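Visitor: my questions are about this predicted structure, shown below with the sequence.
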Amino acid sequence: MKNFVEELRWRGMIHDVMPGTEEMLKEGMAAAYVGIDPTADSLHIGHLVGVMMLKHFQNAGHQPIALVGGATGMIGDPSGKSQERNLLDEYTLRQNQEGLKSQLQLFLDFHSDIPNKALLVNNYDWMKEFSFLDFIRDIGKHITVNYMMAKDSVKKRIGEESKTGMSFTEFSYQLVQGYDFLHLYKEYNCKLQMGGSDQWGNITTGTELIRRKLSGEAFALTCPLITKADGGKFGKTESGNVWLDPKRTSPYKFYQFWLNTSDEDAEKYIKIFTMLNQEEVTLLTHQHQAEPHLRILQKRLAEEVTTMVHGNKALEAAKDASAILFGKGTTDQLKNLDEATFLDIFEGVPQSEISSETLNQPLLNILSEQTGVFKSNGEARRMIKEGAVLVNKNKISEDYQFSKEDLIQNTFILVQKGKKNYFIIKVNSF
RNA sequence: GGGGAGAUUCCAGAGCGGCCAAAUGGGGCAGACUGUAAAUCUGUUGGUGAUACCUUCGGAGGUUCGAAUCCUCCUCUCCCCA
């Protein structure tokens, strides 16, 4: 059995850990859980840290439990939810749960007969029948308001500078989450909850509850919140979240996301998001520092994560596409691609279709109204003036007019908005 | 229940009768420089038939030649007292 805490420690994945956790885990197989909000039917990379913790946990010979927060997710956003809405939500919830599970299987072993196979549970299952009265009597009784108020998450919300206040629902959140822990402790002998550092307060409410109600001992471990060196929010791009679902974020975009991390972040991320061992990471980091322009870390990071999530084939496709788009790709090369390769490379790149007659319309018209490359004529005009718009890799000016000459394989036009944003116009010729 | 403060463009936050599509900062996007990095500098950041017009400053009315700015009512938020 590997030392789980030690493993996370060198990876920089420990923010805080409750004393005794390491010792407890050394005693033998244990169970730990991480909560996931089922707000969508796909994970996004913000979830990945928690998932990786579970993966390492299973790797170390322990049993990982992924808890889908169906109940907690419902109260997380308390504004304006009617009963009807909640019913609908249950249906969505189940679907989301299925989506999440299929993705979690990429990381965790749910099926084999090993004793530490992963589990997926949904707190909605044990919360839905729990009446309010029963809850405040059986659970609320064990935790004082004073204790709950002392939490940072609460203090911040009721303090002087707070501008929004805090509803009772939000206040009770930590207790509901605490109960989850108690429940898993009883049902699965789960003694550890993990999560982001912002979860520390909620987790310790759980351990406290277990101690007061059952005189049991439970533990907490949190990882630092993932940040970017420039202070930006991790996991967001201009088009929103980076999802694991290839329908939401194409493998190409996914690959590009990791490839684009800054040097500083790449050193951190490769430890967190890949399974590479310490020697490999150290070696790669040294190589990278010696020749930073080769971006060894970013490439390896992108390869590892993309393979893990989308598989080898998708990785190769993403790399091919990247080479053509960012390598020394020229207009000629572009035009020489056969249709299959072209479509393959640009899979996931936004597309829109127009008819061949439309091609004769003014440039701005085509770029905004007809295809939605730009939100408005004004935006299109501005960007063209800035030299940010390329057609088939050539810069264009405002008086440019599309013609048959622009069609790749008689069908496609490749429009670039800046260096990184591609767009395909498919011209139907009939 | 009483008293006070407030709701502005993606966010924060100025503006308090015309010069306001609305300062400033952040964020976003783009250009230059580069290594598809960071930092830096520059431009841009409601819409259009663009020296003008249209829609926008919590909602609905009103005053005025003219309102984000004044008045009335409403909705919501925060703070203090009970």
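Guide: Thanks, I have the structure now. What you see is a predicted model, and the numbers here were worked out from it, not measured in a lab.
Visitor: so residue A:373 touches residue A:414, yeah?
Guide: No - using Cβ atoms under 8 Å, residue A:373 is not in contact with residue A:414; the gap is 11.0 Å. Bear in mind the C-beta positions are built from the backbone N, C-alpha and C, glycine included.
Visitor: overlap in contacts of these two?
Guide: Residues touching both residue A:373 and residue A:414 (Cβ atoms under 8 Å, 6 or more residues apart in numbering): residue A:423.
Visitor: can you pull the contacts of the single nearest residue of chain A relative to RNA strand B?
Guide: Ranked by Cβ to the nearest atom of the strand, the top residue of chain A for proximity to RNA strand B is residue A:165, at 2.0 Å. Residue A:165 makes contacts with A:157, A:158, as judged by Cβ under 8 Å, 6+ apart.
Visitor: could I get the pLDDT score of it?
Guide: pLDDT for residue A:165: 72.
Visitor: how about it, secondary structure?
Guide: At residue A:165 the chain is in coil, as set by DSSP: H, G, I helix; E, B strand; the rest coil.
Visitor: with residue A:174 as the reference, measure out to it.
Guide: Using Cβ to Cβ, to the nearest Å, we find residue A:165 at a distance of 17 Å from residue A:174.
Visitor: what does residue A:12 give?
Guide: The gap separating residue A:12 from residue A:174 is 27 Å, by Cβ to Cβ.
Visitor: who are the packing partners of whatever helix or strand residue A:208 lives in?
Guide: Residue A:208 belongs to helix A:200-214 when assigned by DSSP states H and E. Here helix A:200-214 touches helix A:145-149, helix A:152-158, helix A:168-188, strand A:190-196, strand A:219-223, going by 3 or more Cβ pairs under 8 Å, 6 or more residues apart in numbering; DSSP states H and E.
Visitor: nearest to residue A:389 among those would be which one?
Guide: Comparing the helices and strands packed on helix A:200-214 against residue A:389 with Cβ to Cβ, the closest turns out to be strand A:190-196 (40.0 Å).
Visitor: strand partners of the closest one, parallel vs antiparallel please.
Guide: Partners of strand A:190-196 in the sheet, by DSSP bridges, are strand A:31-36 (parallel), strand A:219-223 (parallel).
Visitor: could I get the longest one in PDB with only the CA atoms?
Guide: The C-alpha atoms that make up strand A:31-36 are tabulated as PDB, following Å, rounded to 0.1, in the frame of the first residue of the first chain:
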ATOM      1  CA  ALA A  31     -12.500   4.900   2.000                       C
ATOM      2  CA  ALA A  32     -12.500   8.600   1.100                       C
ATOM      3  CA  TYR A  33     -14.900  10.700  -0.800                       C
ATOM      4  CA  VAL A  34     -15.000  13.900  -2.900                       C
ATOM      5  CA  GLY A  35     -18.200  15.800  -3.700                       C
ATOM      6  CA  ILE A  36     -19.100  16.800  -7.200                       C
END
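Visitor: could you pull out the buried residues of stretch A:208-216?
Guide: By neighbour count with 16 or more other Cβ atoms under 10 Å, stretch A:208-216 contains the buried residues A:208, A:209, A:210, A:213.
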